[in-house]
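here's a sequence, model it:
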Amino acid sequence: MGAPHNPERYGETWPQYKIDATLWGIEDLKPHVIVSGGYAWHFMSPDGHVEYKHAHDHKDVDLYLPKESIATVMGLLPCMGFLKVPTKYDGPNFRRYEQVVEDGTNPPFRITLDLFDGDFPFLVTPSGWKVIRPDVLLTFYKTHHSSDSCWAVQSATKLLANGETPENMVSRGELLACPDLPVYLCHKCGWSGQFPVKREKPKVQLCPKCPYLVTELGLPSYTPKAKWGEKHA
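A predicted model of the protein is given here:
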């Protein structure tokens with residue numbers, strides 16, 4: 001189970017340069033793997049979303065390898081610059097690979113891949129990545145993953161409990177919604193979203209796109225097949 005969130009840190013974002021390097025670094029694996037964990041929620045979220053730290057985890061990439069893809073992936077990784085790293089969890093169905101990135105602009109950092117053998121029901125996202133089907137992925141937070149307090153996990157749990165189908169979870173803005181913060185609507189341009197940034201609440205809220213006064217709608221409703229709205233930019 002993940003540590004409880006500190007609301008004072010809402011609004012913090014993952015470094016975009018690390019995410020960009022990770023996505024570029026794993027692109028060749030796309031046809032051969034099924035994505036799990038935080039990057040599964042990333043690929044299910046609307047394109048171009050704000051990378052809030054509390055929305056989903058980006059510390060490493062969890063990948064499942066169907067039996068027919070294991071040999072291919074093991075052959076690709078060294079050619080892609082990834083090296084095997086020993087861990088206490090190593091076994092016949094798990095291994096970790098890492099790559100150190102030095103881009104000349106930012107401090108060196110690692111891309112960490114946690115690889116599990118297994119084939120599970122999946123959905124194909126608009127970006128072409130296969131991700132563990134959301135209802136199945138949620139069960140992994142009792143065994144494989146620890147960030148069960150992230151907004152995506154909480155939101156997906158509520159959506160499914162309200163009758164949403166796993167297939168309708170892709171590109172849903174609710175996956176980025178903080179369950180504890182209100183949603184706002186701009187009646188001029190149609191923007192809707194939240195303001196998960198640490199600051200004193202002003203007497204009025206302005207749309208980040210217009211700007212125009214927005215109306216508070218209350219907490220996210222997690223209504224099946226509803227369009228929660230555009231991302232907060």
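
quick one: the helix or strand of the chain with the lowest mean pLDDT to chain centroid distance?
Within the chain, no helix or strand scores below strand 192-193, which has a mean of 86 by mean pLDDT, DSSP states H and E. Relative to the centre of its chain, strand 192-193 is centred 19 Å away, using Cα atoms, centre = their mean, to the nearest Å.

quick check: neighbours of that strand in the sheet, parallel or antiparallel?
Strand 192-193 has its sheet partners listed here by DSSP bridges as strand 183-186 (antiparallel).

average pLDDT for the partner strand?
The predicted model assigns strand 183-186 a mean pLDDT of 92.

and it, which residues are buried?
183-184, 186 (16 or more other Cβ atoms under 10 Å). C-beta here means a position set from N, CA and C on the backbone, and glycine is covered the same way.

can you check stretch 93-104 too?
95-99, 101.

following the least confident helix or strand of the chain, which helix or strand shows up next?
strand 214-218 (DSSP states H and E).

what is the neighbour count of L63?
22 (other Cβ atoms under 10 Å).

same question for T22.
A count of neighbours around T22, defined by other Cβ under 10 Å, yields 23.

that one and T165, how far apart?
T22 is 29 Å from T165, where distance means Cβ to Cβ, to the nearest Å.

can you give me the helices for this structure?
For the chain, the helices defined by DSSP state H cover 16-26, 37-44, 70-79, 134-139, 151-161.

so for stretch 159-166, mean pLDDT?
Rounded mean pLDDT across stretch 159-166 is 92.

actually stretch 114-132, sorry about that
The model assigns stretch 114-132 a mean pLDDT of 96.

identify all contacting residues around it.
With Cβ atoms under 8 Å, 6 or more residues apart in numbering as the test, stretch 114-132 has contacts from 30, 33-37, 40, 43-44, 47, 60-67, 70, 73, 92-97, 133-134, 136-137, 140, 144, 166-167, 169-171.

give the contact list for C178.
10, 54, 151, 194, 196, 220.

if I look at the residue nearest to L176 when sequence neighbours are not counted, how far off is V33?
Sequence neighbours aside, A55 is the residue nearest to L176 in space, at 5.0 Å (criterion: Cβ to Cβ, 6 or more residues apart in numbering). Going from A55 to V33 by Cβ to Cβ gives 22 Å.

with N162 instead?
Relative to V33, N162 is positioned 31 Å away (Cβ to Cβ).

higher neighbour count, those two?
V33 (23 against 12).

let me know the pLDDT of A177.
pLDDT, A177: 88.

poorly predicted segments of this protein, please.
1-5, 143-147, 198-203, 225-233 (pLDDT under 70).
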